[in-house]
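*Asks:* Sequence first, then the predicted structure:
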Amino acid sequence: MQRDDATWLVHGLAALVALSAAAAAVRWLAANWWVLVAAALAACTAAAALVRARTATARRQRLRAAQLRLALSGPGGIDHMKPDAFEYAVRDLLQRDGCRARKVGRSNDQSVDVLAEDPTGRRWAVQCKHKQDPAGGKPVGVGVLYALAGTYQRVHAAHIAVVVTNGRFSRDALRWGAEQGVLLVDRAVLARWAADGQPLWDVLPRVPAPRNGRQS
């Protein structure tokens, strides 16, 4: 017998064995149909339990977010955070306000640390500047605003530009922000936003109108 013929014979026998096993399995399942029903019921029960668990988890997360309050000073307060944690805190506050928000800050963040879309359709581009010495340290300068103004629309397709700090802004930054429509959240505004539970658009003046026509 040639080698090719032997190979085909082996393959054919293997196929016959597989077909016989499959046929036997089908006959067994036909005789024991309740096994399939039980398996389907078990799968449905597991899927329903998973959905309920995920729903409950999401609800708990929403409740925690709605109750989020952050102090500026004291143990665990904003002043004691690292810059990266501060960015996450700003993201969490925006989520508390009902936004879809995510932290995007990294080494090449194009001057934006957090992107958010509020319930009215406005897209917010946020630059976060954490100060270890909020009162005596250097204020946030106008250069930060220049950088954000150059990217928030062109790069991030945002409608609103915001700089958030637990410190203060220089006079040039305050003046230029008011002239160019870059919203500034200084220490006083941040305290109200973080601790009182008010949405950011209710704390800030001169916020652009909602995108969908609803009042915020």
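*Replies:* Right, received. Where do you want to start?
*Asks:* Who are the contact partners of the most centrally placed residue in the chain?
*Replies:* The chain has residue 102 as the residue nearest its centroid, 3.5 Å off, counting by C-alpha atoms, centre = their mean. Applying C-beta atoms under 8 Å, 6 or more residues apart in numbering, one finds that residue 102 lies in contact with 91, 114-116. The way it works is simple: take the backbone N, C-alpha and C, and place the C-beta from them, glycine included.
*Asks:* How about residue 150: what's its closest non-neighbour residue?
*Replies:* Spatial nearest neighbour of residue 150, excluding adjacent residues (C-beta to C-beta, 6 or more residues apart in numbering): residue 111 at 7.2 Å.
*Asks:* And the one you found, how far from residue 139?
*Replies:* 18 Å (C-beta to C-beta, to the nearest Å).
*Asks:* One more: residue 205?
*Replies:* 20 Å.
*Asks:* now do residue 173
*Replies:* Using C-beta to C-beta, residue 173 is found at 7 Å from residue 139.
*Asks:* The two: who's more crowded?
*Replies:* The residue with more neighbours, out of residue 173 and residue 139, is residue 173; 23 against 18, by other C-beta atoms under 10 Å.
*Asks:* Leaving out sequence neighbours, find the closest residue to the more buried one.
*Replies:* residue 142 (4.4 Å).
*Asks:* The one you found and residue 172 touch, don't they?
*Replies:* Yes. Residue 142 lies in contact with residue 172 (C-beta atoms under 8 Å); the separation is 4.2 Å.
*Asks:* between these two, what contacts are shared?
*Replies:* With C-beta under 8 Å, 6+ apart, residue 142 and residue 172 have no common neighbours.
*Asks:* Can you give me the end-to-end span of stretch 99-113?
*Replies:* Stretch 99-113 stretches 15 Å from its first residue to its last (C-alpha to C-alpha, to the nearest Å).
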